[in-house]
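# Sequence and predicted structure, then a few things I'm wondering about:
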Amino acid sequence: MDTLQQFLSAGALGHFTLGHGIMILVGLVFIWLAISKHYEPLLLVPIGFGIVVGNIPFAEGMQIGVYEEGSVLSILYKGVSQGWYPPLIFLGIGAMTDFGAMLQFPKLILLGAAAQAGIFPTFLGAVALGFSLPKAAAIGIIGGADGPTAIFLASKLAPEHLGAIAIAAYSYMALVPVIQPPIIKLLTSREERLIRMPSAKPVSKRTRMLFPVVAFIIAGAVAPGAITLLGMLFFGNLLKESTVTDRLARTAREAFIDIITVLLGFTVGVSTDANRFLEASSLKIFALGATAFAVATASGVLFAKLLNRFSKTPINPIIGAAGVSAVPDSARVCQLVAAREDPTNFVIMHAMAPNVAGVIGSAVAAGIFLATMM
């Protein structure tokens, strides 16, 4: 009987709480959204199942939990807590990203910059809610809608809130098809949504190869705190564009990024133990993240409308929403919104310009925060 009692007290029955039940339900909702609604399944399935795994309680000292030094989950989680996984994700993103649209329409880069406006009001809002400046900076970067960047900065500035920040960032990335269309329609007229963008001009091979080198030198000089992320991003892109490292580029954008995505998503999910995650600060982070994402989307759309006042060639303001860093989901959402008005209007390639510019912009913003808050 003593052995049986010890066995029961070491398992879920002896430690299960309402909080664990709530978090398991959240994990199941994530899995359902991924499978049923196809909301970022490559992210939500690993994160959702990780949440379920992380909220099956057990007795401390068994060396199996993510927060128990030396356990397998703890070792895998170091890629998140130490900021190893995000730069490796950026390597894969660079190897699969085509900067051609951005190079064809340089002024659309401004839309990517404008969409980062969601970061700084969120930073101020976090300060107003009582977070310290470093923690507020880590929360503010959620407005860039870039999960790896949010994790990287949180691992440096707000490790105690890393789980909440990561889940918030990836949740809002997955909900791009839900959040962005109403904001776009609210801020634009049907006439504006029907605007057709000009045809793209080809970009030379030399320009494509020079861009990652030159862009990294400039961005690294402006925000040295971002050289880890941007260095890997542009290195991956150089592997792609040089055409002499096709095997490395293919590995980076396929098997390699898939492996890192699985590890990152699962371990982020496992870190959401109810005893650590269900706090008032987590709710504040989620509220600030939602506000940040909405402000970022609205800023990109409104800035596109502003540019139209000074541009001879009108810009479809829908693509301003793609300035957030959720690549390529925001660009796809912009295309869906435009196609609902006119099925023959294709804006996705133009939307990719602010979309990839937003990736660079959020990394630069994170670098600025890192340099000023460390």
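That came in fine, so what should we check first? Numbering: from 1, shown residues only.

# show me where the stretch 251-374 of the chain has strands.
Counting by DSSP state E, counting those that start in this stretch, one finds no strands in the stretch 251-374 of the chain.

# all helices of it, in order?
257-270, 274-277, 280-308, 329-341, 348-373 (DSSP state H, counting those that start in this stretch).

# Please compute how far the second one lies from its chain's middle.
Averaged C-alpha coordinates place helix 274-277 at 23 Å from its chain's average position (Cα atoms, centre = their mean, to the nearest Å).

# same thing with the last one?
On the basis of Cα atoms, centre = their mean, the separation between the geometric centre of helix 348-373 and that of its chain is 11 Å.

# So what angle separates the directions of it and helix 280-308?
Helix 348-373 runs at 130 degrees relative to helix 280-308, counting by axes from the mean of the first three to the mean of the last three Cα atoms, to 10 degrees.

# can you pull the buried residues of helix 348-373?
348-370, 373 (16 or more other Cβ atoms under 10 Å). Backbone N, C-alpha and C define where each C-beta goes, glycine included.

# average pLDDT for that helix?
Mean per-residue pLDDT for helix 348-373: 91.

# and the angle from that helix to helix 329-341?
Helix 348-373 runs at 150 degrees relative to helix 329-341, counting by the same axes, to 10 degrees.

# list the helices and strands helix 348-373 packs on?
Packing contacts for helix 348-373, counted by 3 or more Cβ pairs under 8 Å, 6 or more residues apart in numbering; DSSP states H and E, involve helix 100-104, helix 109-114, helix 119-128, helix 133-140, helix 147-157, helix 205-222, helix 227-241, helix 329-341.

# show me what contacts the residue nearest to Gly236 when sequence neighbours are not counted?
In this structure, Gly236 finds its nearest non-sequential neighbour in Gly94, 2.6 Å apart by Cβ to Cβ, 6 or more residues apart in numbering. Contacts were defined as Cβ atoms under 8 Å, 6 or more residues apart in numbering; by that measure Gly94 touches 212, 232-240, 252.

# go on, Ala115?
144, 296-297, 299-300, 303, 320-324, 354, 358, 361.

# Per-residue pLDDT of the spatially closest residue to it that is not a sequence neighbour, please?
Nearest in space to Ala115, with sequence neighbours left out and distances taken as Cβ to Cβ, 6+ apart, is Gly323 at 2.7 Å. With respect to pLDDT, Gly323 scores 90.

# Over to Thr267?
95.

# Phe120 now?
Looking at Phe120, its pLDDT stands at 85.

# ok, how many other residues are close to the residue nearest to it when sequence neighbours are not counted?
Spatial nearest neighbour of Phe120, excluding adjacent residues (Cβ to Cβ, 6+ apart): Gly140 at 6.5 Å. Using other Cβ atoms under 10 Å, Gly140 is surrounded by 28 other residues.

# ok now do Gly140, which residues does it touch?
By Cβ under 8 Å, 6+ apart, the contact list for Gly140 reads 119-120, 122-123, 126, 288, 292, 369.

# Please convert the buried members of the residues you listed into ChimeraX selection syntax.
Per 16+ other Cβ under 10 Å, the buried members of the contacts of Gly140 correspond to this ChimeraX selection:
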select :119,120,122,123,126,288,292,369
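
# got a markdown table for the contacts of Gly140, with distance to Ile109 too?
What follows is the contacts of Gly140, written out as a markdown table (distance: Cβ to Cβ, whole Å):
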| residue | distance to Ile109 |
| --- | --- |
| Ile119 | 17 |
| Phe120 | 19 |
| Thr122 | 22 |
| Phe123 | 22 |
| Ala126 | 27 |
| Leu288 | 27 |
| Ala292 | 21 |
| Phe369 | 21 |
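
# nearest to Val176, of the contacts of Gly140?
In terms of Cβ to Cβ, no member of these lies closer to Val176 than Ala292, at 13.5 Å.

# I figured Ile167 hits Gly48, correct?
No: using Cβ atoms under 8 Å, Ile167 is not in contact with Gly48; the gap is 10.3 Å.

# Quick check: neighbours shared by the two?
Shared contacts of Ile167 and Gly48 (Cβ under 8 Å, 6+ apart): Gly269.

# mind checking which helix or strand of this protein has the lowest mean pLDDT?
When the helices and strands of the chain are scored by mean pLDDT, DSSP states H and E, helix 2-10 comes last with a mean of 59.

# Put together CSV for the helices of the stretch 251-374 of the chain, with distance to Leu153 on each row.
Shown next, in CSV, are these (distance: least, Cβ to Cβ, whole Å):
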stretch, distance to Leu153
helix 257-270, 14
helix 274-277, 19
helix 280-308, 13
helix 329-341, 20
helix 348-373, 5
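
# If anything else comes up later, I'll come back, but that's it for now.
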